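S.K.: Whatever this is, show me its structure:
(2 chains)
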Amino acid sequence: MEKKGTVTQLSSIFPAEEAQKASKRVEEAITERQQQLNQIKGFIDDNISLINLVQKLPDETHHNIMVPFGKAAFFPGRLIHTNEFMVLLGEGYYAERTSKQTTEILKRRGKALETQVESLKAIMQDLKAEASFFDATAYESAEGLVEIREDYVDEDSSGTLPTAGYENPDSTSLEVDNRKGADEDEEYERLKLRMDELEREEEEAERANESESSDEDEQTQNEANSTISQNSMNQEVRSSPVEASDVPGVSKDGSSHGDHIALNNSTMDKALELPQDAKKVQTPLSSSNTAFTGSIVEHAHNIGMQLPEQRSGARSSKPVSRFKMQRK
Amino acid sequence: MDSAQQEKVRKFEEFVDRRLKPDLVHAIGERDKVFEQQKIFSDLRRNIENLEKNSVTSLRMRVNLGSEVYMQADVPDTRHIFVDVGLGFHVEFTWSEALNFIAAREEKLARQIEEYTRLIASIKAQIKMVCEGIRELLQLPVTEV
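M.R.: You can find the predicted model right below:
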């Protein structure tokens, strides 16, 4: 079996030193934000203490204080008009307010500061995630990790793990990507086998059962069910064999099952013809959804051969697959 | 020969960057601080002189409670001022005493400033010398050719 594949050293895409530099830069950004955060928290604390002071001052008519006179001198004096505060609103505008009103102003300021703190924290979270990603990448690329991409080549044997192309002798450092690629190939193999079986079943059903009538209502139901089954196949290639057999169990009449098979078959045929990359299975499946209507009408009399349990072993002389063995 | 010279040049440059320049920055920072102090005291002196001139006995002021929230304050008797004399002490003065003190203080500050200025000048001279040395070392190989 020939597989054309590209083997790329992860270190060529993300050089170790560059990843480390990027990680350092992100860490610097993080420390910057941290400082800003601390500053704003200081402001919040000041605000709170000021609120307390403003609330306590009106308790007395006069307070004896040392009044500052410039930065280096004081006058002994008293605070008067203890309920009147002059608050700076910004841009040289002041407002004369009472103690309660000043408290409200300061509380609103505190809320604005809190929202700033929240946004800063969110930014820091993102930066931290970035930094950890860079760290992980640097570590991996330093370890000599390899990314292997291979085009899927259609094969008839049961999906064997691709043995060519492993450069890294250390098996533990193989990334999940490689394993997933092999597993998806396997799944695709299974899918293909299933499709072949379903085709054969359909042919036999056509031959064997011609007396059953089709229900128009069932067909619309079939459409919905088939769409559902298609979608589920789109999403989880792994569980498709199971779901294909489950969905027909939902619909009531046996005549609907054949429609499922027809739909599935037509879909899967198209899927086979389209580009072989395993990851692109989803697109062909979804693009052929619109063709279902026509095929439903055509195969009006197909009877339920979908369920593996229902099937009486009518097939023979075919390459034995897992699913058939299950049935038997 | 060239490599040895380049080595020397590099060492000189390093010396300048690592020792002399930070020293210069530090000295300038210190001098700025002293400048500020000087300004504070000169402002204070001017204010006290104003008070004396207008015979102001009581003041109405607005005091900053923090975060630009002001409150009215009344100073009934301005004749006694508490002036910061350093080390966390404030001494009660009358106007004339305060003015005397401030004058003495300003003198001291001026002397400090002069010292810092001299230090900064010497550092700058050292930097210039090292740069000249580097230039000499580099020019000689060029002219010899």
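S.K.: Report the helix or strand with the lowest average pLDDT across the chain.
M.R.: You didn't say which chain, so I picked chain A. For chain A, counting by mean pLDDT, DSSP states H and E, helix A:240-250 ranks last in confidence among helices and strands (a mean of 42).
S.K.: avg pLDDT for stretch A:138-145?
M.R.: In this model, stretch A:138-145 has an average pLDDT of 75.
S.K.: Could you do stretch B:29-36 as well?
M.R.: 92.
S.K.: how far is it from where the chain is centred?
M.R.: Stretch B:29-36 sits 1 Å away from the centroid of its parent chain (C-alpha atoms, centre = their mean, to the nearest Å).
S.K.: Please see if it touches chain A.
M.R.: No - under the criterion of C-beta under 8 Å from any C-beta of the partner chain, stretch B:29-36 makes no contact with chain A; the nearest approach is 8.8 Å. In short, each C-beta sits where N, CA and C put it, glycine included.
S.K.: list the buried ones in that stretch?
M.R.: Along stretch B:29-36, these residues count as buried under the neighbour rule (16 or more other C-beta atoms under 10 Å in any protein chain shown): B:31, B:34.
S.K.: what residues does that stretch touch?
M.R.: If you take C-beta atoms under 8 Å, 6 or more residues apart in numbering or on different chains as the criterion, stretch B:29-36 is touched by B:109, B:112-113, B:116-117, B:120.
S.K.: Which of the helices or strands spans the residue nearest to residue A:51 when sequence neighbours are not counted?
M.R.: Once flanking residues are discounted, residue A:51 sits nearest to residue A:106: 4.9 Å by C-beta to C-beta, 6 or more residues apart in numbering or on different chains. With secondary structure defined by DSSP states H and E, residue A:106 is part of helix A:99-143.
S.K.: now for that helix, which elements pack on it?
M.R.: Helices and strands touching helix A:99-143, as assessed by 3 or more C-beta pairs under 8 Å, 6 or more residues apart in numbering or on different chains; DSSP states H and E, comprise helix A:10-13, helix A:16-56, strand A:85-90.
S.K.: next SSE after the longest one?
M.R.: The reference is to helix A:16-56. Secondary structure here is assigned by DSSP H and E; on that basis, the next helix or strand after helix A:16-56 toward the C-terminus is strand A:63-68.
S.K.: Over to the last one?
M.R.: Reading on from strand A:85-90 to the C-terminus, the next helix or strand found by DSSP H and E is strand A:93-97.
S.K.: rewinding a little: mean pLDDT lowest for which of the helices and strands packed on helix A:99-143?
M.R.: For the helices and strands packed on helix A:99-143, mean pLDDT drops lowest on helix A:10-13, to a mean of 64.
S.K.: Let me have the helices and strands packed on helix A:99-143 in JSON lines, extended by mean neighbour count.
M.R.: Formatted as JSON lines, those follow (neighbours: other C-beta atoms under 10 Å in any protein chain shown):
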{"stretch": "helix A:10-13", "mean neighbour count": "16"}
{"stretch": "helix A:16-56", "mean neighbour count": "15"}
{"stretch": "strand A:85-90", "mean neighbour count": "16"}
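S.K.: Give me the buried entries from the contacts of stretch B:29-36.
M.R.: Of the members of the contacts of stretch B:29-36, the ones counted as buried by neighbours, 16+ other C-beta under 10 Å, are B:109, B:112-113, B:116, B:120.
S.K.: which one among those gets closest to chain A?
M.R.: Using C-beta to the nearest C-beta, residue B:109 is the member of the buried ones among the contacts of stretch B:29-36 that sits closest to chain A, with 11.6 Å.
S.K.: Around chain A, pick out the residues from chain B.
M.R.: Within chain B, the positions lying close to chain A (C-beta under 8 Å from any C-beta) are B:40-41, B:43-44, B:47, B:59, B:61-63, B:65-78, B:80-84, B:90, B:98.
S.K.: Of those, select the buried ones using a PyMOL command.
M.R.: This is how PyMOL selects the buried members of the residues of chain B next to chain A, with burial counted by 16+ other C-beta under 10 Å:
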select buried, chain B and resi 40+41+44+59+61+63+65+69+70+71+72+73+75+78+81+82+83+84+98
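S.K.: Tell me which of the residues of chain B next to chain A fall in strands.
M.R.: When DSSP state E defines the strands, the subset of the residues of chain B next to chain A inside them is B:59, B:61-63, B:69-75, B:81-84, B:90.
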